[in-house]
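Novice: Turn this into a structure:
(2 chains)
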Amino acid sequence: MNLDYPLAHLMGGVILMCAFSMLSQRRLAAMITLYQVQALTLSAAAFWQGFAQGAGDLYLTGLITLVIKGILLPMGMRQIVQRFNMVRAVETAVPVGFSMILGVGLIGIAVLVVLPTTVSAVSLTREDLAISLSVVLLGLLVMTLRRNAIAQVIGFLSTENGLVLAATGMPGMPFVAELSVALLVLLAFLVIGVFLFRIREHFDTLDLVGIEEIERRGR
Amino acid sequence: MRLPARRLVCYGLVVGNSFALMFGLPGQGMHLRLDALSVLFLCILVPQIVASALAERRGSIAFWVFAGAMVLTLLAGDAFTLIFGFELMSAASWLLVLRGDARPATLYAGMAMFSAACLIPAVFLPASSLAFMLVLLGAGAKAGLAPLHFWLPRAHPAPPAGVSALMSGGMVKVSLYILIRYGFIEFGAAAQPWWGSVLIVAGAASVLIGALRAMLEVELKTMLACSTVEHVGLIAVGLGIALRAKAMGNLDLASLALQGALLCAVAHGLFKPMLFLGAGAVKKATGTTSLDWLGGLMRGMPRLGLLMLAGAAGMAALPLGPGFAPEFLLLHAVIKAAATGGILARIGFTALLAGLGLSAALALGAVVRLIGIGFLGRPRSLHAAAAGDANRATLAGMGFLAALCVPVALLPGVVLGMMEPVIQLLAPNSAPAPLSYAPLSLFLLLAAAAAAAFFGLRRFAVRGTREVPAWTCGFGSPPAWLPFGDPLTQPSATGFAEPVRRAIARGVLAPQGVDPAEAYLLFPLSQVSLRLTRVAEHIRRSTIRQRLAFVFVALVMFLLALGLSEGG
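Specialist: So this is what the prediction gives:
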């Protein structure tokens, strides 16, 4: 029995599950853990695709994903959370149920868009694309709904995971693109980290309410 | 044989060839051209410029730029020159309006920009209905055609009187010139009957609203500006009938309507600047143009009063005045047009006839009010009582225009004969019916009858005299403590107009007597603009998360549209 499709779909499903559960988590520690699980699954998926497609550079993608996103970034974020004493911080911006309803809607839209537009493509790519588009949209939704800066960063990283998932599922995607995306994410994380420290210095919180207040008053 | 260069230039201009200027667009230049239509409108324009310059504004650069730009527009031989002259005219007149008052100047600038935005694409488009509609919007807005006339009663009275005169008498004509040139000549081949119908409807609305507001306005100059709207409407009705008839192949009707419209333009170009100059003189003498503060001016400024009376006779289209023949021709054209077309057109033209009759009566009422309240009766203020006659320059300017009014009033047939090349240019191969109105003989008959009555009375009247108490037109002699009488014992301008306001204005104008275009077009537009500004400001002030949400929602909408269109 050919395991190519079922396994790829399973791992895609796990990644989507992680992205979706991020919406329901109000604590940063849980979100970071979910992100870590997502990244590890993504690296496994990349390895599996490398094996299935017989493409060497996908192993490299998996390795980069494993090291940077699966280990380094979660560690860094946990440290930030520790240092800023936000272990017990709870996000209160938008009700969880409402954001989950929005998430379900977004997944529906992703399926609605991808499945009809790619009728001509092979089935593996189609469903993988639907899943990765859902992950991208859910990441954006997290960025939009959350007010905490770290939570927004996690949403951004999750979006990027969705992109990489699409790239691994697509045969013939050049490795350079994935590498550059990975580097970009690392750089973005560094920049955002610096910003977080600055925000923290100024407002004693990572909640963006402070910045919004300044914007409102300053203009 | 070689002609001198100067004569060659004149030759080229007169024959209708275009004459290239040394500057303008690169590779294209600017061209001047003179044909019958331009000559006619120059003949309308030049006397006004002379009169305004005589009366005042001799040293103002903006005034001469304004006048020169109008002449340039009329002489333009290509679209670029036309637009250049037109926009120069707008800019210069904006400066002049700004000298009077800032608020109407802003409204005027907005209107000028709107008309530029319509005209500039229109003149470069190929002949089509869209292009004509754009010309109609652009030139019509500048000419004060309903429903885009609301700026005119505000902007025209604002500048000094000489400029008001030129704006009301000249600038409006230049806009109509563009309308005629594009409707009849440039786009003439593609003309549709409904173009004319649109023009007729807009003109009829202007006539009605203009006449009604002229009857109701208390400020003298505002009232004159409203009357300008009315006359522009009359000209537009004539042009519309001509355009419609020409497109339907009825050239005789077209030429009749054209005669009415063009003669109306000529007459209006004479008496309206005269009235505006007179209003300026009144303002100089009394410090106000509000009819409620005037009265009895005929005693203090008899010569000005006489000239105003002459102009007012033209404005009211009284027989033997300059305004009668064009209105006579127009009504004939409407009656003739009512006999053509389908049942709807017949009903429409009959209603138009009624509307024109109503507005003629309203114009007469407005003139009676202007002369009766402003120049007759007792003064309503000390200033009005102490007013001295206008200075010689103003009287000379007005007198010049009044002298030109005489041939238009008494010999309209001759003027129409001189207009024949224009009619042939606009409606080729037409044979207009001869004018069945001979004011000169009528005038001579009346003069003879009056002279006979005078001499008869001198000869046969009872010679003896007896003393009777003077009849003071219904009101008693002024009380001793008020040397020129209690103003409240006379009807005011507002009170004089009150019956009309109750009977007609309630149905036609918006509540509180506001112009319907202002209430139903300008005000909602300003509301929309305000609301859009608020939305834009709200978006500009949005937080980071809201901006993210905007982008995100846009993305989702796009995906949704894509999915639905592909799936469906």
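Novice: Are we agreed that residue B:437 is in a helix?
Specialist: No. Assessed with DSSP: H, G, I helix; E, B strand; the rest coil, residue B:437 is coil; it does not lie in a helix.
Novice: So it sits against residue B:326, correct?
Specialist: No. In this structure, residue B:437 is not within contact of residue B:326 by Cβ atoms under 8 Å, at 10.5 Å. Heads up, the C-betas are built off the backbone N, CA and C, glycines and all.
Novice: Need the overlap of contacts for those two.
Specialist: Taking Cβ atoms under 8 Å, 6 or more residues apart in numbering or on different chains as the contact rule, residue B:437 and residue B:326 both touch residue B:412.
Novice: Please report the distance of residue A:93 from residue B:60.
Specialist: Separation of residue A:93 from residue B:60 (Cβ to Cβ, to the nearest Å): 65 Å.
Novice: Give me the distance between the two termini of stretch B:46-64.
Specialist: One end of stretch B:46-64 sits 12 Å from the other (Cα to Cα, to the nearest Å).
Novice: Surely residue B:51 is within a strand?
Specialist: No. With three-state DSSP as the criterion, residue B:51 is located in helix rather than a strand.
Novice: Just the pLDDT for it.
Specialist: On pLDDT, residue B:51 comes in at 93.
Novice: neighbour count winner among residue B:437 and residue B:326?
Specialist: residue B:326 (29 against 14; other Cβ atoms under 10 Å in any protein chain shown).
Novice: Surely the more buried one touches residue B:263?
Specialist: Yes. Taking Cβ under 8 Å as the definition, residue B:326 is a contact partner of residue B:263 at 4.0 Å.
Novice: what residues do these two have in common as contacts?
Specialist: By Cβ under 8 Å, 6+ apart, residue B:326 and residue B:263 have these common neighbours: residue B:412.
Novice: Outside of stretch B:440-447 itself, which residues are in contact with it?
Specialist: For stretch B:440-447, the external contacting residues (Cβ under 8 Å, 6+ apart) are B:319-320, B:410-411.
Novice: before we move on, what about stretch B:105-114?
Specialist: Residues outside stretch B:105-114 that contact it (Cβ under 8 Å, 6+ apart) are B:87, B:90-91, B:93-94, B:97-98, B:137-138, B:141-142, B:148, B:151, B:154-155, B:158.
Novice: Now for residue B:364, how many residues are close by?
Specialist: Residue neighbour count, defined by other Cβ under 10 Å, stands at 17 for residue B:364.
Novice: That one - nearest residue in space that isn't next to it in sequence?
Specialist: Take residue B:364 and drop its neighbours on the chain: the residue closest to it by Cβ to Cβ, 6 or more residues apart in numbering or on different chains is residue B:316, 4.6 Å away.
Novice: tell me the phi and psi of the one you found?
Specialist: phi -90, psi 0 (degrees, to the nearest 10).
Novice: distance of it from residue B:156?
Specialist: 19 Å.
Novice: of these two, who's got more company?
Specialist: Remark: of residue B:316 and residue B:156, residue B:156 carries more neighbours, 30 against 24, as counted by other Cβ under 10 Å.
Novice: so which strand or helix has the spatially closest residue to that one that is not a sequence neighbour?
Specialist: Distances taken as Cβ to Cβ, 6+ apart place residue B:225 nearest to residue B:156, at 4.0 Å, with adjacent residues excluded. Under DSSP states H and E, the secondary-structure element containing residue B:225 is helix B:220-247.
Novice: Next: residue A:31.
Specialist: Following DSSP H and E, one finds residue A:31 within helix A:28-53.
Novice: buried set for that helix?
Specialist: The neighbour-count check on helix A:28-53 (16 or more other Cβ atoms under 10 Å in any protein chain shown) flags A:28-29, A:31-50, A:52 as buried.
Novice: what's the answer for stretch B:343-355, then?
Specialist: Across stretch B:343-355, burial judged by 16+ other Cβ under 10 Å covers B:345, B:348-349, B:352-353, B:355.
Novice: contact partners of that stretch?
Specialist: Taking Cβ under 8 Å, 6+ apart as the rule, stretch B:343-355 contacts B:200, B:204, B:207-208, B:237, B:331, B:334-335, B:337-339, B:341.
Novice: Could you identify the buried members of those residues?
Specialist: B:200, B:204, B:207-208, B:237, B:331, B:334, B:337-338, B:341.
Novice: just checking, residue B:334 is part of a strand?
Specialist: No. Using three-state DSSP, the assignment for residue B:334 is helix, not a strand.
Novice: hang on, it packs against residue B:240?
Specialist: No. The criterion here is Cβ under 8 Å, and residue B:334 misses it with residue B:240 at 10.4 Å.
Novice: what sits against the residue nearest to residue A:37 when sequence neighbours are not counted?
Specialist: Closest residue in space to residue A:37, ignoring its immediate chain neighbours: residue A:18 at 5.3 Å, by Cβ to Cβ, 6+ apart. Listed by Cβ under 8 Å, 6+ apart, the contact set of residue A:18 reads A:34-35, A:37-38, A:41, A:158.
Novice: which pair in the residues you listed spans the largest distance?
Specialist: Greatest spacing in the contacts of residue A:18, by Cβ to Cβ: A:41 and A:158 (12.0 Å).
Novice: ok, how many other residues are close to the closest residue to chain A within the stretch 151-300 of chain B?
Specialist: Per Cβ to the nearest Cβ, residue B:151 is where the stretch 151-300 of chain B lies closest to chain A, at 34.5 Å. When neighbours are counted by other Cβ under 10 Å, residue B:151 registers 25.
Novice: How confident is the prediction for it, by pLDDT?
Specialist: Note for residue B:151: predicted pLDDT of 92.
Novice: which residues touch it?
Specialist: With contacts defined as Cβ under 8 Å, 6+ apart, the neighbours of residue B:151 are B:104, B:107-108, B:110-111, B:144.
Novice: I'd like the distance between it and residue B:401.
Specialist: Going from residue B:151 to residue B:401 by Cβ to Cβ gives 25 Å.
Novice: same thing with residue B:322?
Specialist: Look at residue B:322 and residue B:401: by Cβ to Cβ, they are 10 Å apart.
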